[in-house]
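Peer 1: Structure, please.
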Amino acid sequence: MPNFILVGDVGGTNARLALCDISDGTISHIHTYSANDYATLEDVITHYLEGQHVTVNEACIAIACPITNDWVDMTNHSWAFSISSMQLNLGLTNLEVINDFKAVSMSIPMLKEADLLKFGGGIAERNKPITVYGAGTGLGVCHLVQTEKQIISLPGEGGHVDFAPNSEEEDRILSALRSEHGRISYERVLSGPGLVNLYKGIVKVDGRIPEKLKPKDVTDRALSNECTDCRRALSLFCILLGRFGGNLALTMGTFGGVYIAGGIVPRFLDFFKSSGFRNAFEDKGRFNEYLKDIPVFLITHPQPGLLGAGAHMRQLLGHSLR
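Peer 2: The predicted model follows:
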């Protein structure tokens, strides 16, 4: 009989739970729960486990916030908990709680060619650093270093670095957003709420009053050519996503590849393909040539967070991921 690990991928909107086969990393029995329907994450996990007919002693939960000690306080949701208390309450031998983009980064060695779409650059070099980033409810960033024997993930909070405009238009948008939010991080412009912020900034700069839109409204109106402001916002989003990715590539020399995750880009994939993303990624002045060979991939696997949470735990248990 298979031996399973409980794995989870918890964001500000949804909590995804599944079982991971320890022997080969296969993910099964995936369920998605609305984070707003449960008072605590422990309630979600308890509900999930009650519906499974296997014994689970170990778990790895990837969650969208910094993990620095026993107390976990989500950035984009009200859930907060003690890891040790949750482990005790759930009757687990081992509970690993990791950053959500650490989990996504750990999925990279498990992905197949069919799980990726390439956006320029050369061939990913084995054993060279990798960056994973992506926009969803927030903006996640993680780096990955590969050795012959081990995958080392380096999570951080890179999405919260200062937004740096690179044109007069972006300067004006930054000023407009500062009047509402104060300091502006990249997450303020590269996320679901960030897409709305870009739309609002564009409209305010033109001296008009923005409508109250949701991220889906901005995307839908942009793709249907219904709203010029929304289309400008979506175009700028793609450019900023490229520029930010280029910054990450410069920081780590990521000739192992740059990987884009998150739920936003797949919603407008055709638009993204023809956008200024790659030009913005390489637009680094004296370092244009340095970036031209670095490949960028969009992760199309439906559950990289769950796959990576399983990979993280399997590596801890002594299984090779390479």
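Peer 1: And the pLDDT at Cys65?
Peer 2: At Cys65, the predicted lDDT confidence score is 84.
Peer 1: Pretty sure Ser185 sits against Glu157.
Peer 2: No - the pair Ser185 / Glu157 is not scored as a contact, 9.3 Å apart, by C-beta atoms under 8 Å. (C-beta placed from N, C-alpha, C; glycine too.)
Peer 1: all helices in the chain, in order from the N-terminus.
Peer 2: Applying DSSP state H to the chain gives helices spanning 41-50, 83-90, 100-107, 168-181, 192-205, 215-223, 228-252, 269-273, 277-282, 288-292, 304-316.
Peer 1: Which positions within the longest one qualify as buried?
Peer 2: Counting neighbours by 16 or more other C-beta atoms under 10 Å, one finds that the buried residues in helix 228-252 are 229-249, 252.
Peer 1: what do you get for the last one?
Peer 2: Neighbour-count burial for helix 304-316 flags Pro304, Gly305, Leu306, Leu307, Gly308, Ala309, Gly310, Ala311, His312, Met313, Arg314, Gln315 (criterion: 16+ other C-beta under 10 Å).
Peer 1: Likewise for the fourth one?
Peer 2: For helix 168-181, burial by neighbour count (16+ other C-beta under 10 Å) applies to Glu170, Arg172, Ile173, Leu174, Ala176, Leu177.
Peer 1: Equivalent analysis for the second one, please.
Peer 2: Neighbour-count burial for helix 83-90, with 16+ other C-beta under 10 Å as criterion, is recorded at Ile83, Met86, Gln87.
Peer 1: now, which of those sits nearest Leu291?
Peer 2: Comparing the buried residues of helix 83-90 against Leu291 with C-beta to C-beta picks out Ile83 as the nearest, at 38.8 Å.
Peer 1: For Ala124, which of the helices of the chain is the nearest?
Peer 2: Nearest of those to Ala124, taken as C-beta to C-beta: helix 228-252 at 12.1 Å.
Peer 1: Next, the angle from that closest one to helix 168-181.
Peer 2: 100 degrees (axes from the mean of the first three to the mean of the last three C-alpha atoms, to 10 degrees).
Peer 1: Helix 228-252 to helix 215-223, inter-axis angle?
Peer 2: Using the same axes, to 10 degrees: helix 228-252 against helix 215-223 is 110 degrees.
Peer 1: one step back: please convert the buried residues of helix 304-316 to JSON lines, extending it with pLDDT and distance to Pro266.
Peer 2: Output for the buried residues of helix 304-316, formatted as JSON lines (pLDDT from 0 to 100; distance: C-beta to C-beta, whole Å):
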{"residue": "Pro304", "pLDDT": "95", "distance to Pro266": "12"}
{"residue": "Gly305", "pLDDT": "94", "distance to Pro266": "14"}
{"residue": "Leu306", "pLDDT": "97", "distance to Pro266": "17"}
{"residue": "Leu307", "pLDDT": "96", "distance to Pro266": "16"}
{"residue": "Gly308", "pLDDT": "96", "distance to Pro266": "18"}
{"residue": "Ala309", "pLDDT": "97", "distance to Pro266": "20"}
{"residue": "Gly310", "pLDDT": "96", "distance to Pro266": "22"}
{"residue": "Ala311", "pLDDT": "95", "distance to Pro266": "22"}
{"residue": "His312", "pLDDT": "95", "distance to Pro266": "24"}
{"residue": "Met313", "pLDDT": "94", "distance to Pro266": "27"}
{"residue": "Arg314", "pLDDT": "94", "distance to Pro266": "27"}
{"residue": "Gln315", "pLDDT": "93", "distance to Pro266": "28"}
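Peer 1: so which of those residues comes closest to Leu213?
Peer 2: Distance to Leu213 across these (C-beta to C-beta) is lowest for Gly305, with 27.5 Å.
Peer 1: The closest one reaches Ser105, doesn't it?
Peer 2: No - look at Gly305 against Ser105 with C-beta under 8 Å: they stay out of range, at 10.1 Å.
Peer 1: how close does the nearest residue to Asp220 once chain neighbours are set aside sit to Ser275?
Peer 2: Excluding the flanking residues, the one nearest Asp220 by C-beta to C-beta, 6 or more residues apart in numbering is Glu226, at 7.7 Å. Distance, Glu226 to Ser275, using C-beta to C-beta, to the nearest Å: 18 Å.
Peer 1: I appreciate the help and will end here.
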